[in-house]
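A.B. asks: Let me see the structure of the following:
(chains A and B)
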Amino acid sequence: DAGVIQSPRHEVTEMGQEVTLRCKPISGHDYLFWYRQTMMRGLELLIYFNNNVPIDDSGMPEDRFSAKMPNASFSTLKIQPSEPRDSAVYFCASSSTGDRQETQYFGPGTRLLVL
Amino acid sequence: AQSVTQLDSHVSVSEGTPVLLRCNYSSSYSPSLFWYVQHPNKGLQLLLKYTSAATLVKGINGFEAEFKKSETSFHLTKPSAHMSDAAEYFCVVSPPFGNEKLTFGTGTRLTIIP
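C.D. replies: Numbering: from 1, shown residues only, chains lettered A, B, ... in the order given. Next up, the predicted model:
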């Protein structure tokens, strides 16, 4: 398996623009997680899905952020409008179950810079 | 509530010498504990995990960690550092049940001196 795939790997945009990050989880994994990593706040869980259904979005910072999972092999995280403080590395991860002992497999991340 | 503290933000060791990365946790229940490694510009990769079986856990690349409940610690060790070990390491705690999510430590950057 190719692992978790994220695109783009790098994104530079201007404040106010819409940004869409994409993720393809490992085939057969029922859980998908979106994280954000910054120097100030470390790794934060934004939202996670089970069988394409959002389960917990309490980590989503505000209404400018939205996430969807239209099918088992694809998810998007959208920021509209983007702001400089959204600059971070965004990771997608997947796991086969939601068991607390289950390993999460991370993608390489999307490095976002909002100017 | 659960929390995890990585006691050192940066550790430097010489190649061939032992590595010790420290992690303390706080949890109302017996948690699951993980160590993940992040190489530059890469995603996180699982090194090892403790899930209430053996307290000494062996992981990939020669790393191991010991769960000590009395000390609420889960320190990561390796007998002999290799240049390829240079990376950021995250200690992660997960409750055995309930609604709490994974809690990540702030990370320890490991530098290997040639």
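A.B. asks: Contact partners for the residue positioned nearest the centre of chain A?
C.D. replies: The C-alpha lying nearest the average C-alpha coordinate of chain A belongs to A:W34 (CA atoms, centre = their mean; 3.1 Å). Shown in contact with A:W34 (CB atoms under 8 Å, 6 or more residues apart in numbering or on different chains): A:C23, A:L45, A:L46, A:I47, A:Y48, A:A67, A:S75, A:L77, A:Y90, A:F91, A:C92. Every C-beta, even on glycine, is put in place using the N, C-alpha and C of the backbone.
A.B. asks: Okay, now the unreliable bits of chain B?
C.D. replies: B:96-100 (pLDDT under 70).
A.B. asks: Show me what residue of it gets nearest to chain A.
C.D. replies: B:G43 (3.5 Å; CB to the nearest CB).
A.B. asks: Surely that residue touches A:S94?
C.D. replies: No - using CB atoms under 8 Å, B:G43 is not in contact with A:S94; the gap is 11.2 Å.
A.B. asks: Spell out which residues are contacts of both of those two.
C.D. replies: Counting by CB under 8 Å, 6+ apart, the residues touching both B:G43 and A:S94 are A:V4.
A.B. asks: Please list all residues in contact with the closest residue to the residue nearest to the centre of chain A other than its chain neighbours.
C.D. replies: Using CB to CB, 6 or more residues apart in numbering or on different chains and skipping residues adjacent in sequence, the residue nearest A:W34 is A:L46, 4.4 Å away. A:L46 sits next to A:W34, A:Y35, A:R36, A:D57, A:G59, A:M60, A:P61, A:F65, A:A67, A:L77 when contact means CB under 8 Å, 6+ apart.
A.B. asks: among these, which are in strands?
C.D. replies: When DSSP state E is applied, these are split such that A:W34, A:Y35, A:R36, A:F65, A:A67, A:L77 fall in strands.
A.B. asks: tally of neighbours for the fourth one?
C.D. replies: A:F65 is flanked by 20 other residues according to other CB atoms under 10 Å in any protein chain shown.
A.B. asks: Settle this for me: it is touching A:T76, isn't it.
C.D. replies: No - the criterion here is CB under 8 Å, and A:F65 misses it with A:T76 at 11.2 Å.
A.B. asks: right, and A:L112 touches A:V19 too?
C.D. replies: Yes - taking contacts as CB under 8 Å, A:L112 lies within contact range of A:V19: 6.4 Å.
A.B. asks: Could you give the bridge partners of residue 11?
C.D. replies: Chain wasn't specified; assuming chain A. A:L112 (DSSP bridges).
A.B. asks: other chain: chain B
C.D. replies: Counting by DSSP bridges, B:V11 forms beta bridges with B:L110.
A.B. asks: ok, residue 32 - how many residues close by?
C.D. replies: All of this refers to chain A. 29.
A.B. asks: actually chain B
C.D. replies: By the criterion of other CB under 10 Å, B:S32 has 20 neighbours.
A.B. asks: got a list of what the residue in chain A that chain B sits nearest to touches?
C.D. replies: Per CB to the nearest CB, A:F106 is where chain A lies closest to chain B, at 3.5 Å. By CB under 8 Å, 6+ apart, the contact list for A:F106 reads A:V4, A:Y35, A:F91, A:C92, A:A93, B:Y36, B:G43, B:L44, B:Q45.
A.B. asks: Keep only those of those that are in strands.
C.D. replies: Counting by DSSP E, the part of the contacts of A:F106 found in strands is A:Y35, A:F91, A:C92, A:A93, B:Y36, B:L44, B:Q45.
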